[in-house]
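Colleague: Generate coordinates for the sequence data below:
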Amino acid sequence: MKFMPDNSAEKASILLIYTGGTIGMKVDPADMALKPFDFGQILAEVPELGKFAYRIDSWTFERAIDSSDVEPSLWQSLARLIEEKYDKYDGFVILHGTDTMAFSASALSFMLEGLTKPVIFTGSQLPIGMARTDGKENLISSVEIAAAKQDDGHAVVPEVCICFDNMLMRGNRTTKANSDNFRAFISENCPPLAEAGIHIKYNTGNIIRPENPDGHVRAATKLDTRVSILKIHPGITPRVVRNILCGEETRAVILETYGSGNAPSAKWFLDIVREAAGMGKILLNVTQCLAGTVDMDRYATGKMLKDAGVIGGYDSTTESALAKLFYLMGKYADNDSVKRMLDIDLRGEISK
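Modeller: Below is the predicted model:
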């Protein structure tokens, strides 16, 4: 599907990729059920797109995927698709369900190596066919940002991002924090890359530039998903902790700890942590808080974790920590290499 105003020169080409989610749903008048609509007819649903002098093509997966059913196989398909179509488009907009959007955006930020073009995730809280939908505004802003170029012809925002409710956020810094409001996502530890008002204001100082702006993306699709998440809470039992930290099928564990990286100081807890570390497990500490960072040297309980073999995850989100582990474990067979790379800011995912 392509559309351009006849009186305008083509400025940019965008590939619109629909994976599933609320934004692509429309009420079927036959049974009043929400069903995916034909994205070949996107101009009829969002005629405002026709005012842009862009070529917009669409790609729809054969089966729309509910956000709660997203698996790493989708990320692999998306990464391969973008690599395959990379030279034909100036930017990519991925329509995705909101529940796991932050996971998918985080994953692609690592998997798309050498990225020089925008990959913008967006969606909506209400279907695009509804009168009060937020989908149209989210989509229009995403397309405009994906097409934006600097004077030298390079992309303004060559990153994997989430665009939602007038805010453009780095994908691997974003978390879904509200299921009822249009502002569904937050990025507490990283300021927005752009804000859409009357004009789109780009915060250029926050945007990461590629080393080779004319390079071609590489899709790193080998992932190792043997990661578990242990959320620390009062009353947690030794059996639960041991089953998660020392499980045979687990290569790495993300510990969601209190505050700046604190956990129980009970002997049984620290003994199990040491046992898991002794087995060679990768133990990564991230905070349960929506804002702030892990500092295991601040309090005695955090220092105990560090001494027991736990690695600090800085101000990483859980979604980003999971995606980074999947990616690094897919690249490195030895855990020591993974641990070293976890301490490096690869895609702007942590502040050091």
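
Colleague: Near Ile17, how many other residues are there?
Modeller: 23 (other Cβ atoms under 10 Å). C-betas here are computed from N, CA, C, even on glycine.

Colleague: you'd agree it is in a strand?
Modeller: Yes: counting by DSSP: H, G, I helix; E, B strand; the rest coil, one finds Ile17 located in a strand.

Colleague: just for the stretch 251-352 of the chain, where's the confidence low?
Modeller: Low-confidence segments of the stretch 251-352 of the chain, defined by pLDDT under 70, are absent.

Colleague: residue ranges for the strands of it, please.
Modeller: 252-257, 282-287, 311-312 (DSSP state E, counting those that start in this stretch).

Colleague: Run through the neighbouring helices and strands of the last one.
Modeller: Pointing back at strand 311-312 there. When contacts are defined as 3 or more Cβ pairs under 8 Å, 6 or more residues apart in numbering; DSSP states H and E, strand 311-312 packs onto strand 282-287.

Colleague: need the strands for the stretch 51-200 of the chain, in chain order.
Modeller: Ranges of strands in the stretch 51-200 of the chain, per DSSP E, counting those that start in this stretch, are 54-60, 91-95, 112-113, 119-122, 160-164, 167-170, 175-176, 185-186, 194-196, 200-202.

Colleague: what ranges do the helices span in this protein?
Modeller: Remark: helices assigned in the chain by DSSP state H are 42-45, 72-85, 101-111, 135-147, 238-245, 267-278, 300-308, 318-331, 335-342.

Colleague: any idea how far the residue nearest in space to the middle of the chain is from Ile94?
Modeller: With distances taken as Cα atoms, centre = their mean, the residue of the chain nearest its centroid is Ala105 (2.1 Å). To Ile94, Ala105 is 8 Å away according to Cβ to Cβ, to the nearest Å.

Colleague: Specify the stretch among the strands of the stretch 251-352 of the chain that is closest to Leu139.
Modeller: Ranking the strands of the stretch 251-352 of the chain by proximity to Leu139 (Cβ to Cβ) places strand 282-287 first, at 31.6 Å.

Colleague: quick revisit: surely the residue nearest to the centre of the chain touches Glu159?
Modeller: No: using Cβ atoms under 8 Å, Ala105 makes no contact with Glu159, being 9.8 Å away.

Colleague: who touches both of these two?
Modeller: Counting by Cβ atoms under 8 Å, 6 or more residues apart in numbering, the residues touching both Ala105 and Glu159 are Gly171.

Colleague: Tell me which residues touch Asp90, please.
Modeller: Asp90 touches Ala12, Ser13, Ile14, Lys117, Ala146, Ala147, Lys149, Ala155, counting by Cβ under 8 Å, 6+ apart.

Colleague: show me what contacts the third one?
Modeller: Just to be clear, that refers to Ile14. With Cβ under 8 Å, 6+ apart, Ile14 has these contacts: Tyr54, Arg55, Ile56, Asp57, Tyr89, Asp90, Gly91, Phe92, Val93, Val143, Ala146, Ala147.
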